[in-house]
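> here is a sequence with its predicted model. Questions after.
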Amino acid sequence: MELTNERDTAQCDARDRALLQAVEDGLPLVPRPFAELGARLGMTEGEVMARFWMLQNLGVIKRFGVVVRHHELGYRANAMVVWDIPDERVHDIGQQLGSFAFVTLCYRRPRRLPVWPYNLFTMIHGRDREQVLARVEELVQTCGLGDIAHDVLFSQRRFKQRGARYGSGGESAVGRSREAGAS
Amino acid sequence: MTANVALLLSAIDRHLLDDYQHNFPLDPQPFATIAEQLGTDEAKVIERLEYLQRIGALSRVGPVLRPNRVGASTLAALAVPAGRIEAVAAQVSAFPEVNHNYEREHEYNLWFVVTARDRTSVDRVLADIAAATGLTPLDLPMLEDYFIDLGFALKWS
């Protein structure tokens, strides 16, 4: 996927943005949630559902469903594991690492030399630190990354965690996302 | 909520958390559909979702957006001197454009995501954070996403 896809973004119109803003804190937990959302926005239930369908088909919505909080469910350890992969190999290795079930995010990001040499970011959750470290070792062994520099950044305190609000500076927000960082 | 709430979950709760990260029914009465699939009734499903939200196991039911399709975002990090981490974290969290904000074990010890309507707004927030804290953020926008989000399979122990 490219950094931005202007065509898809352009296909997301003002009513889509209003809808995504209205659902930032989730669907209302009522028998007809789409009708309820629509009532707030002057849309019919059918229009709300059709727009969610379309946004999902366009790839603007990555998935639609239950969003759990890992930490509260006993996944106490999470680490951002960062790798310095040669540019010509980063795409292939990224796809490999992203396919492991315990890797919950896998992004390429820019290096910021000299202070930051790492260009591939993976998020790994586990019940404790030992499990996370064992999973890192499994990635190294399985993918032949023994000669690749990496670093394991365990999370300590969580100061803030919520869905994204895109409307900055008081302008209308347009949705929620899950960048890396955690969850 | 920091207690391990897995101990407080019923069988229906676990199905709700595990089975509907992807297969959530986009139909007019989704909770009735789920109830039918789980052999219970709509009111019960709604009641359990409210409960799960209250105890912190459930963040929300709704869409998860792909980064940078609507608006712009970046992952940023600060190398905060020992002794200032709490104060700087509070300064950073105070920005409405900051969602996740974590302390991590590294010289760059404060990691957060900035999300705004466009890249110009993201740049402005990073500059404001630099001005407020006197620290220069690393700006690490996503270039490529290799992850196929299959939700998160919960292994109940």
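Received, thanks.
> show me where chain B has its strands.
Remark: strands assigned in chain B by DSSP state E are B:58-65, B:72-78, B:98-104, B:110-116, B:138-140, B:144-145.
> mind checking the SS state of A:P114?
Under the three-state scheme (DSSP: H, G, I helix; E, B strand; the rest coil), A:P114 adopts coil.
> domain ranges for chain B?
Chain B breaks down into these domains under automatic domain parsing: B:8-55, B:72-140.
> if we can go back for a sec, nearest to A:D84, out of the strands of chain B?
Closest approach to A:D84 among these (CB to CB): strand B:138-140, 13.5 Å. Where you see a C-beta, it was placed from the backbone N, CA and C, and this is true even at glycine.
> ok, back up a step: tabulate the domains of chain B (JSON lines), appending mean neighbour count, distance to chain A and mean pLDDT.
JSON lines is the format used below for the domains of chain B (neighbours: other CB atoms under 10 Å in any protein chain shown; distance: least, CB to the nearest CB, whole Å; pLDDT from 0 to 100):
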{"stretch": "domain B:8-55", "mean neighbour count": "17", "distance to chain A": "4", "mean pLDDT": "94"}
{"stretch": "domain B:72-140", "mean neighbour count": "19", "distance to chain A": "3", "mean pLDDT": "95"}
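> between those, which one is nearest to A:D87?
Closest to A:D87 of these, according to CB to CB: domain B:72-140, at 15.9 Å.
> ends of that closest one, how far apart?
Across its full length, domain B:72-140 reaches 12 Å between end residues, using CA to CA, to the nearest Å.
> ok, now stretch A:72-91?
OK, stretch A:72-91 end separation, CA to CA: 33 Å.
> quick check, pLDDT for the residue of chain A found nearest chain B.
Distance from chain B to each residue of chain A (CB to the nearest CB) is smallest for A:G26, at 2.8 Å. Turning to A:G26, the model gives it a pLDDT of 94.
> that one touches B:G62, doesn't it?
Yes: if you go by CB atoms under 8 Å, A:G26 and B:G62 touch, sitting 4.3 Å apart.
> give me the common contacts of the two.
By CB atoms under 8 Å, 6 or more residues apart in numbering or on different chains, A:G26 and B:G62 have these common neighbours: A:V67.
> please say which of the two ends up with more neighbours.
Set side by side, A:G26 and B:G62 show more neighbours around B:G62, with 25 against 19, by other CB atoms under 10 Å in any protein chain shown.
> which helix or strand lies directly C-terminal to the lowest-mean-pLDDT helix or strand in chain A?
The weakest-scoring helix or strand in chain A, judged by mean pLDDT, DSSP states H and E, is helix A:6-11 (a mean of 48). Proceeding N to C from helix A:6-11, the next assigned helix or strand is helix A:14-22, under DSSP states H and E.
> can I get the CA coordinates of that following helix in PDB?
The C-alpha trace of helix A:14-22 is given here as PDB (Å, rounded to 0.1, in the frame of the first residue of the first chain):
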ATOM      1  CA  ALA A  14     -18.200  15.100   3.300                       C
ATOM      2  CA  ARG A  15     -21.100  12.800   4.300                       C
ATOM      3  CA  ASP A  16     -18.600   9.900   4.800                       C
ATOM      4  CA  ARG A  17     -16.500  12.100   7.000                       C
ATOM      5  CA  ALA A  18     -19.500  13.100   9.000                       C
ATOM      6  CA  LEU A  19     -20.400   9.500   9.400                       C
ATOM      7  CA  LEU A  20     -16.900   8.400  10.500                       C
ATOM      8  CA  GLN A  21     -16.800  11.300  13.000                       C
ATOM      9  CA  ALA A  22     -20.200  10.300  14.400                       C
END
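> what ranges do the helices span in chain A?
According to DSSP state H, chain A carries its helices in the segments A:6-11, A:14-22, A:33-41, A:45-58, A:87-98, A:129-143.
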